[in-house]
Structures are given as C-alpha cells and as structure tokens.
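# Build me a model:
(2 chains)
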Protein chains: 2
Amino acid sequence: MAEATPTFELFYWPTIQGRGEFVRLVFEEAGLPYVDVGRRPEGEGGGRAAILKLLEDDLAGMPPFAPPVLRVGPLRLAQTALICRYVAGKGGLLPPGEDDRWRADALMLTVMDMVVEAHDTHHPIAKSLYYEEQQAEALRRTPTFIALRIPKLMGYFERVLRTNAAGKGQALVGGALSYVDLALFQLVAGLSYALPRSMAAIAPRLPRVMALHAAVAARPRIAAYLASPRRLPFNDHGIFRHYPELDLPK
Amino acid sequence: MAEATPTFELFYWPTIQGRGEFVRLVFEEAGLPYVDVGRRPEGEGGGRAAILKLLEDDLAGMPPFAPPVLRVGPLRLAQTALICRYVAGKGGLLPPGEDDRWRADALMLTVMDMVVEAHDTHHPIAKSLYYEEQQAEALRRTPTFIALRIPKLMGYFERVLRTNAAGKGQALVGGALSYVDLALFQLVAGLSYALPRSMAAIAPRLPRVMALHAAVAARPRIAAYLASPRRLPFNDHGIFRHYPELDLPK
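Numbers count the residues shown, from 1 in each chain, chains lettered A, B, ... in the order given. Model prediction:
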C-alpha cells in the first residue's frame, strides 16, 4: 500500500506575503496540496486566532517560536528556511547529491539573512515601533544597505550562478531547479517592490540573478500561482515595504 | 575496514570567538579532531590570508559567502547553524528521532537569529561603520532589546525547557544533550558578557536556561575547553561586546 500523503498545514498571518511566501512557493512548485490555515475564515478554524492558538499550545510538544509554522502530524516546525527544506524534501525540490543539499541549505540561510537585513532597513531600531518612529534611523541604514549590502549579497548569488556550470543559469545548485532558486526569486521580487530604483540600477550587473528570477516566474506552476488569488500582493505591512524616501533618489 | 575520519578544517577569524565559537563547541563536546585554520600561523598556511583565499576560490565548486566555513573534502560549507548541524551529525550530537532533529534545527536557527539581534544592538546602522559612528542609534536600539527581545527569546527557551519533560532540564530537545544546548550555552555566555546587568536582572525568571548554561559549562570536555588557550576571551571586536552605556544603568 502506498504511503498516504500527510496533511500539510501552513500557519502564517493572512494579510502579508512575509516569510510565509517562501514556503508557499515551494508547495506550489512541488504541486503538493497544503492548507493555508491563516487564510481560512475564523469561523472555520482559520485566521489569526488559529495561529495564536497553535503558538500557545504547550501540550503538543516543543512549541514553535513564531510563524510561519508547518504542522505535519505531531510536528510543529518553525523557521522559514527549515520549513522550505522540509517541504522541498517531500516535493522533489532538493538537489540529488548530499553535498549539494548542504550547499543549497547554506544558500537558503544566506537568502534568509538578507531578508532580515531588508526588513531592518525600515525597522532598524525595534520591531515594536512603527516605521514612522524610526524613520530617521531608517534613512541612515538604508543607503548603506543599497550601496554595500545589495551589491555584496546579490553579487554573491550572481557569482554562485556563474560558477555553477551545471545549472546553465537555471539553478544555483546542481543541474535542476531546487528550493533555493524559489527563495532567490522571492528575494529579488521583494527587493524590486521595496527599492525599485536601486534594483533597476544594479540589475545590469546581475544578469544571471535577473534571468533566474524571470525563469522562475515563467515556470508553469509558479506563473499560475502568481496569477491566482492565492498570491497576496506586496504591501507595506510585510518584510518588503516600498517607502520611496528610502530608495535611491529619482 | 572502518571508514577513515575525514579531516575537518574550520576557517574563521583568529582573534574573536564570533560565530566560529558555536562550531568549536560542537567539535569539542563531540571529541572530534579539527584544524582551526585561522589560528595557525600565516607561515604555516593559517591566519586571515588562508580565510580570504578560501573565500575567493571560484574553482572549487560553490563559493561560501562568509566565515565560518567548514572544509571537508570537496565541500566548503558556510552558515554557522548548518556547520554545527553537520558536525553534530558526525559527532553524535543530534537527537535520535527525526522529528526531534527538525525541532533542534529550528531552535538552532532561533539562537542564531538572536545572535544577529545581539550584534545589531551595537551595530544598528551598518556593519561597515564603527560602533562610535552609530552609538546614538545603538543607545536607542539596545533598551528595547533588553526590555522586549531578551525576555521574549530567552523566555521562549525557558518554556521549551519547561515543556520538554524528557530533558530533565539538561536538554532542550529529547532526553540527552544535543548541539543546540551548546549553542544556547554560548548565547547566554555572550549576552552575560555584553549586558551583565540586564542578564543578572532577568536570570531569576530564567532558572532552567541558567541551569542549562551551568550544566553545559560543567561537562568535562567543555570545562576542559573553556580552561584551555583554545577558548579565546570575549572582546569588543566580536558579536558580543561589553559597552556599559548600552546595558541597564547601575
């Protein structure tokens, strides 16, 4: 008897792409069914209430720290990079070789490190304060992010694509798309929303990164997902926020 | 014929504990021999030069982003959490169950997230600037780190210890010490160096975390390591820095 596919339940805030989006992209590309619990009505066990309940339950084994959380059977798994890795393993989106899996995992963590840095451009002082309360510091932090960190980190991904001959520009690791390519797609998409002038200015120096972003967007399952109502639009409550005053001047 | 133990080479800056220290602790507790390349003399292929050479080599497969890097055969593995996980797998420091391994990995990433936050208390604007150039912002960021983030994150680890009955206060996950316990030890050690008054103030609310810290420090291999010259002292060039003006007032 074939093993039954487990039920994958994603718990994430219902109104932002945020970190949950990295997980959604892996499910979508893998074609694995998942329940996006936060986006179901509260009356049907969804919404923010379901997420808070999941986080507060101390009787179900180790509590997760924060959303996104994936629930699979008795496991409540937190940490975006790890959830993506887990789903990739179930959905055929890991590179085949063991060393290449470690390399993909390392890249995934580097993508997530840059996500933190992107978030902190508009929240350099505290998550607990509004942007407007730390705008002065954001106006100081973001220019060095644009001038130094985007070139360094995106330049690194460009270099990884350049050195991976097997990927033919379509994969950061190995010869076929893996979950980390989806994550780089989302990072580029988010930064392009948040800092469009900065990303347009650097794009000519990142031809491989930009080509990978376009190739991922054109994959049938990803294209269908991006055109569906399941893809929330970017907005200024998530990680990637478009505050024009933080971007390069016109 | 038994499989030969591979040579593990750790590449990390020679003058700070930094992120490399999380890796060293796993090697030390596992009793696995490793070469701390950065701390060998430059004339013997060590020092900063060896690290820079490793990072810049594009002919050896996917380049690592930043130190620490573990070199094992053809693999150059970056990302602290992942290196620790890798070494733990070789050294018997993973929990036995598959789900518990995912849980330990999630905790490890949460520890490393807090490491970034601890670093950014003194560098809220840019890694490329000196502390003195961002002290005003550090004086604004650190109080919310102390008032909100230490209680939230350390309170979370306390809760994990409380809910893990199998660990008897000696392990975050499962019934025996795993690599994530070593990481929490180092996080507590670092924060206690950087912000001693804040940590002393909150310690009574973190009895299990503090007991775990003490239990790890007392393990024979860790105690021997901490007393050896291999353990660099904390200083104000690493992640955890003691700037008294950032701590709670006396």
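# okay, the angle between the longest helix seen in chain A and helix B:98-122?
Using DSSP state H to define each element, chain A has its longest helix at helix A:98-122. Computed with axes from the mean of the first three to the mean of the last three Cα atoms, to 10 degrees, the direction of helix A:98-122 lies at 40 degrees from that of helix B:98-122.
# So which bits of the next helix or strand after helix A:98-122 are buried?
Sequence-wise, the next helix or strand downstream of helix A:98-122 (DSSP states H and E) is helix A:135-144. Residues of helix A:135-144 classed as buried: A:Gln135, A:Glu137, A:Ala138, A:Arg140, A:Arg141, A:Thr142, A:Pro143, A:Thr144 (neighbour count, 16 or more other Cβ atoms under 10 Å in any protein chain shown). C-beta: built from backbone N, CA, C; applies to glycine.
# So is helix A:135-144 next to chain B?
Yes: using Cβ under 8 Å from any Cβ of the partner chain, helix A:135-144 reaches chain B at A:Glu137, A:Arg140, A:Arg141, A:Thr144.
# Next secondary structure after that helix?
helix A:150-163.
# If we go by neighbour counts, what in that next one is buried?
If you call a residue buried by 16+ other Cβ under 10 Å, then helix A:150-163 has these buried ones: A:Ile150, A:Leu153, A:Met154, A:Tyr156, A:Phe157, A:Glu158, A:Arg159, A:Val160, A:Leu161, A:Thr163.
# which of those come close to chain B?
A:Leu153, A:Tyr156, A:Arg159, A:Val160, A:Thr163.
# And the strands in chain A?
A:9-11, A:35-36, A:69-72, A:75-78 (DSSP state E).
# how about JSON lines for the ones you listed, with mean pLDDT, mean neighbour count and distance to A:Leu212 added?
Formatted as JSON lines, the strands of chain A follow (pLDDT from 0 to 100; neighbours: other Cβ atoms under 10 Å in any protein chain shown; distance: least, Cβ to Cβ, whole Å):
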{"stretch": "strand A:9-11", "mean pLDDT": "98", "mean neighbour count": "21", "distance to A:Leu212": "25"}
{"stretch": "strand A:35-36", "mean pLDDT": "98", "mean neighbour count": "16", "distance to A:Leu212": "26"}
{"stretch": "strand A:69-72", "mean pLDDT": "98", "mean neighbour count": "22", "distance to A:Leu212": "25"}
{"stretch": "strand A:75-78", "mean pLDDT": "97", "mean neighbour count": "22", "distance to A:Leu212": "27"}
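# Can you check what angle separates the longest helix of chain A from helix B:135-144?
110 degrees.
# check whether helix A:98-122 contacts chain B.
Yes: if you take Cβ under 8 Å from any Cβ as the test, helix A:98-122 does meet chain B, through A:Asp99, A:Trp102, A:Arg103, A:Asp105, A:Ala106, A:Leu107, A:Leu109, A:Thr110, A:Asp113, A:Val116, A:Asp120.
# which residues of chain A score low on pLDDT?
A:1-4 (pLDDT under 70).
# one more time with 90
Applying pLDDT under 90 to chain A picks out residues A:1-6, A:59-60, A:250.
# quick one: A:Ser192 from chain B, how far?
A:Ser192 sits 21 Å away from chain B, going by Cβ to the nearest Cβ, to the nearest Å.
# Hmm, A:Gly31 and A:Cys219 touching each other?
Just to correct that, residue A:219 is Arg rather than Cys. No: using Cβ atoms under 8 Å, A:Arg219 is not in contact with A:Gly31; the gap is 11.2 Å.
# Please identify which of those two sits among more neighbours.
A:Arg219 (18 against 9; other Cβ atoms under 10 Å in any protein chain shown).
# Give me the neighbour count for the closest residue in space to A:Arg162 that isn't next to it in sequence.
Using Cβ to Cβ, 6 or more residues apart in numbering or on different chains and skipping the chain neighbours, the partner closest in space to A:Arg162 is A:Arg208 (6.2 Å). Neighbour count for A:Arg208, taken as other Cβ under 10 Å: 18.
# Could you do the one 5 residues further on as well?
A count of neighbours around A:His213, defined by other Cβ under 10 Å, yields 20.
# would you list the buried residues of helix A:150-163 in TSV and tack on distance to A:Gly61?
TSV is the format used below for these (distance: Cβ to Cβ, whole Å):
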residue	distance to A:Gly61
A:Ile150	40
A:Leu153	35
A:Met154	39
A:Tyr156	37
A:Phe157	36
A:Glu158	41
A:Arg159	41
A:Val160	37
A:Leu161	40
A:Thr163	41
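# May I ask which two of these are separated the most?
A:Ile150 and A:Thr163 (20.0 Å; Cβ to Cβ).
# Need the contact partners of stretch A:157-164.
A:107, A:167, A:169, A:171-174, A:184, A:205-209, A:212, B:58, B:61-63 (Cβ atoms under 8 Å, 6 or more residues apart in numbering or on different chains).
# Walk me through the domains of chain A.
A:9-90, A:98-246 (automatic domain parsing).
# what about the closest residue to A:Tyr225 other than its chain neighbours, distance to A:Gly92?
Among residues not flanking A:Tyr225 along the chain, A:Glu28 sits closest, at 4.2 Å (Cβ to Cβ, 6+ apart). In this view, A:Glu28 and A:Gly92 are 13 Å apart by Cβ to Cβ, to the nearest Å.
# Then A:Asp120?
A:Asp120 is 34 Å from A:Gly92, by Cβ to Cβ.
# do the same with A:Glu133
45 Å.
# what residues are up against A:Asp105?
Applying Cβ under 8 Å, 6+ apart, the residues near A:Asp105 are A:Ala81, A:Arg85, A:Val180, B:Gln79, B:Leu82.
# residues near the second one, how many?
Read it as A:Arg85. 23.
# Also the third one?
Look at A:Val180: counted by other Cβ under 10 Å, it has 30 neighbours.
# right, and it touches A:Leu172 too?
Yes: between A:Val180 and A:Leu172 a contact is recorded at 5.4 Å, counting by Cβ under 8 Å.
# got any residues that touch both of those two?
Contacts common to A:Val180 and A:Leu172, judged by Cβ under 8 Å, 6+ apart, are A:Ala104, A:Leu107.
# how about JSON lines for the residues of helix A:98-122 next to chain B, with distance to B:Tyr193 added?
Putting the residues of helix A:98-122 next to chain B into JSON lines (distance: Cβ to Cβ, whole Å) gives the following:
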{"residue": "A:Asp99", "distance to B:Tyr193": "36"}
{"residue": "A:Trp102", "distance to B:Tyr193": "31"}
{"residue": "A:Arg103", "distance to B:Tyr193": "34"}
{"residue": "A:Asp105", "distance to B:Tyr193": "30"}
{"residue": "A:Ala106", "distance to B:Tyr193": "28"}
{"residue": "A:Leu107", "distance to B:Tyr193": "32"}
{"residue": "A:Leu109", "distance to B:Tyr193": "25"}
{"residue": "A:Thr110", "distance to B:Tyr193": "27"}
{"residue": "A:Asp113", "distance to B:Tyr193": "24"}
{"residue": "A:Val116", "distance to B:Tyr193": "23"}
{"residue": "A:Asp120", "distance to B:Tyr193": "24"}
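# Now, of the residues you listed, which are buried?
A:Asp99, A:Trp102, A:Arg103, A:Asp105, A:Ala106, A:Leu107, A:Leu109, A:Thr110, A:Asp113, A:Asp120.
# isn't the last one right next to A:Arg141, touching?
Yes: A:Asp120 lies in contact with A:Arg141 (Cβ under 8 Å); the separation is 6.8 Å.
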